[in-house]
Every structure is written in C-alpha cells, then in structure tokens.
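> Coordinates for the following, if possible.
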Amino acid sequence: DRLGLKPNLPADKMHLLKRLSIDLTGLPPGLELMREYAADESPQATEKIIDRLLESPAFGERMAVLWMDISRYSDSYGYQDDNIRTQWPYRDWVIHAFNKNMPYDQFITWQLAGDLLPEPSKEQILATAFNRNHKYTEEGGVIPEEYRVEYNVDKTNTFSKAILGMTVECAQCHDHKYDPISQENYFQMYAFFNNTPEKGYEGDVSISKPAKQPIMWIEHDDLDGVLDFVNHRDSSRIMVSVMEDFKDTLRQTYVLDRGMYNQP
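Numbers count the residues shown, from 1 in each chain. The predicted structure is shown next:
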C-alpha cells in the first residue's frame, strides 16, 4: 500500500482456461471447450473443465514428457552408430499409466521389478523397460564385460536419481568423507541389477537389432488384449528390451576398485 502497488485483477475465464489446458495437456483449448466454459456460469464451471482436461488422452502424454527424460527414453542406441531400436511401447505404457491414474507405488514397482512379481503379465514386464533405456554400443571390438558393467552402472545411477532423488555416481569410484553413500553401499545397490543375462555386446556390427536380450515380444494378439494401449497396428511382432533375472544362480558382485570393470 505504501508504494501504491495493488494486486492484478483476477484473470478472466479464457486466460484461466488457456493456462489450465496448457498445464494439463500441453495444448491450447479447442473452440468447443472455450464456448462450453464461457457459457457455464455455475460455481462448478472450472472444476468441470479441469475434469474434462484430466480425462483427455493428452493429459497422459503431457505427464509422460518429464518421465521420458527421467527414464532416459530413446528409440536409438545413443553411441556413434546410433541405430534404431523399439523401446517406444514402454513410452506408450507410461502414457497409459498416467491416464489410468495408476498409484505411484505400483507405477514404480512395475518399472523396477515387474518381471519378479508373481506370474507377471506382459504389461508388468513391459514396464521394466525403464531399466533398459540406457545407451547400447554396437561397435565391433569392444570389451563385453566393460559395457555390461557400464549398463548396470547406468541402471544404478538412474534408480538413485529418479526414485531416491540422490546423485550417487561418484561413489562408483571412491568414498567421499561426508557423503551418506559409500562405495560399498553403491555396489550393494548395483548388485540388484547385476543378475540379469544382459550382455555388454550382442550381435553383428553389420546388422542392428531393434532390441537387445533379454527381450519381450509383443504379438499382434496382445494389441487387442492386455497391451491394447500400444499405439501400433501395422506389425505382427515388436521387440522390447526388458528385465529378467537369472533363474538358478547368482552372479557374485564385488566392489570395483576405482569403479573399473576389471578391478574387483
């Protein structure tokens, strides 16, 4: 008051609708929605419009944008050969999960360990592609164990950032005196990802595979059933890299000196 400043006047309905629509769907409101909101003078008008926007398929797409960054989603391999891969059914699952309003604990559990649930469905296994979105090399001459470790390090670091909200990468190589995560803690967490049959190098440098083992096949019949949210109808089979654990054995996990794959 002393400075003669006053709050702005309340935004009019069309300004509010534009903000709501862009926040919730990433899209401006359509003409029909604008007319409907302008004509509704009831106290519940805004609440009803919010419900309409939340029911839109675009809501899940808008929400999935951030999670795609968090889960380092890509449909190419990421290194210099950077060929195509088919992880996009996982993207469709994330959109589907948001539009279904899936509880957060279930959303996270399926992505981290859907394949380990009792009698897992294809949807639960597909969700584990979260762990397999990291970069892959198809370059000939690489050391398979070096890249197998690199992939598991990526899973560990992504889990800590996305789920725990902590960056722990430096603990791969050494302890920090005042950090809460030691190198031993780091490799204890790494061990959860270290018992999958995933390989550090797979295939022929002349032939790019759209997914790396372990994989899940999505059949045409699945698109009319449990995976009907997958936005694809012109192919009978789709490959997706997913998680799988060894059945009858455990791979021994060691602290790696300076984080080096060959220095257990």
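
> Tell me where this protein is predicted with low confidence.
204-205, 233-235 (pLDDT under 70).

> Do a quick rundown of the helices in this structure.
All helices of the chain, identified by DSSP state H, fall at 13-25, 31-39, 45-54, 57-70, 88-99, 104-113, 122-127, 144-159, 183-190.

> helices or strands up against the longest one?
Right, the one you point to is helix 144-159. Taking 3 or more C-beta pairs under 8 Å, 6 or more residues apart in numbering; DSSP states H and E as contact, the helices and strands that helix 144-159 lies on are helix 183-190. Backbone N, C-alpha and C define where each C-beta goes, glycine included.

> and with 10 Å instead?
Using 3 or more C-beta pairs under 10 Å, 6 or more residues apart in numbering; DSSP states H and E as the contact criterion, the secondary-structure elements in contact with helix 144-159 are helix 104-113, helix 183-190.

> Pick the most buried one from the ones you listed.
Comparing the helices and strands packed on helix 144-159 by mean neighbour count (mean count of other C-beta atoms under 10 Å), helix 183-190 comes out on top with a mean of 19.

> and that one with helix 144-159, angle?
Here helix 183-190 runs at an angle of 90 degrees relative to helix 144-159 (axes from the mean of the first three to the mean of the last three C-alpha atoms, to 10 degrees).

> Outside of helix 183-190 itself, list whatever touches it.
Contacting residues not belonging to helix 183-190 are listed as 149, 152-153, 155-157, 159-160, 164, 168-176, 179, 181-182, 194, 253-259, 264 [C-beta atoms under 10 Å, 6 or more residues apart in numbering].

> swap the cut-off to 6 Å and go again
152, 156, 168, 171, 172, 175, 255 (C-beta atoms under 6 Å, 6 or more residues apart in numbering).

> Quickly note the distance from the third one to residue 189.
The span separating residue 168 from residue 189 equals 8 Å under the rule C-beta to C-beta, to the nearest Å.

> on that earlier part again, wait, which of the helices and strands packed on helix 144-159 is closest to residue 76?
Put simply, out of these the one that sits nearest residue 76 is helix 104-113, at 21.0 Å, with distance taken as C-beta to C-beta.

> one step back: so which of the helices of the chain gets nearest residue 223?
Between residue 223 and the helices of the chain, the shortest separation by C-beta to C-beta is 9.8 Å, and it involves helix 88-99.

> List the buried residues of the closest one.
By neighbour count on 16 or more other C-beta atoms under 10 Å, the buried set for helix 88-99 is 88, 89, 90, 91, 92, 93, 94, 95, 96, 97, 98, 99.

> Which residues does it contact?
The set of residues external to helix 88-99 that reach it, using C-beta under 6 Å, 6+ apart, is 60-61, 63-64, 67, 73, 75, 107, 126-127, 129, 218, 229-231, 240.

> of the residues you listed, closest to residue 249?
Using C-beta to C-beta, residue 129 is the member of those that sits closest to residue 249, with 24.0 Å.

> list the contacts for that closest one?
With C-beta under 6 Å, 6+ apart as the criterion, the residues that contact residue 129 are 87, 90, 240, 242.

> got it, and residue 237?
Residues residue 217 are the ones in contact with residue 237 under the rule C-beta under 6 Å, 6+ apart.

> From residue 95, how far off is the residue nearest the centre of the chain?
By C-alpha atoms, centre = their mean, the mean C-alpha position of the chain lies nearest to residue 71, the distance being 3.5 Å. Spatial separation of residue 71 from residue 95 under the definition C-beta to C-beta is 13 Å.

> same check, this time on residue 239
Taken as C-beta to C-beta, the span from residue 239 to residue 95 is 20 Å.

> can you check residue 73 too?
As defined by C-beta to C-beta, residue 73 lies at a distance of 11 Å from residue 95.

> Reformat the buried residues of helix 88-99 as CSV; add distance to residue 1.
Listed next are the buried residues of helix 88-99 as CSV, based on distance: C-beta to C-beta, whole Å:
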residue, distance to residue 1
88, 56
89, 58
90, 55
91, 52
92, 54
93, 54
94, 49
95, 49
96, 52
97, 49
98, 44
99, 47
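
> between these, which is closest to residue 43?
Closest to residue 43 out of the buried residues of helix 88-99 is residue 99 (27.8 Å), distances taken as C-beta to C-beta.
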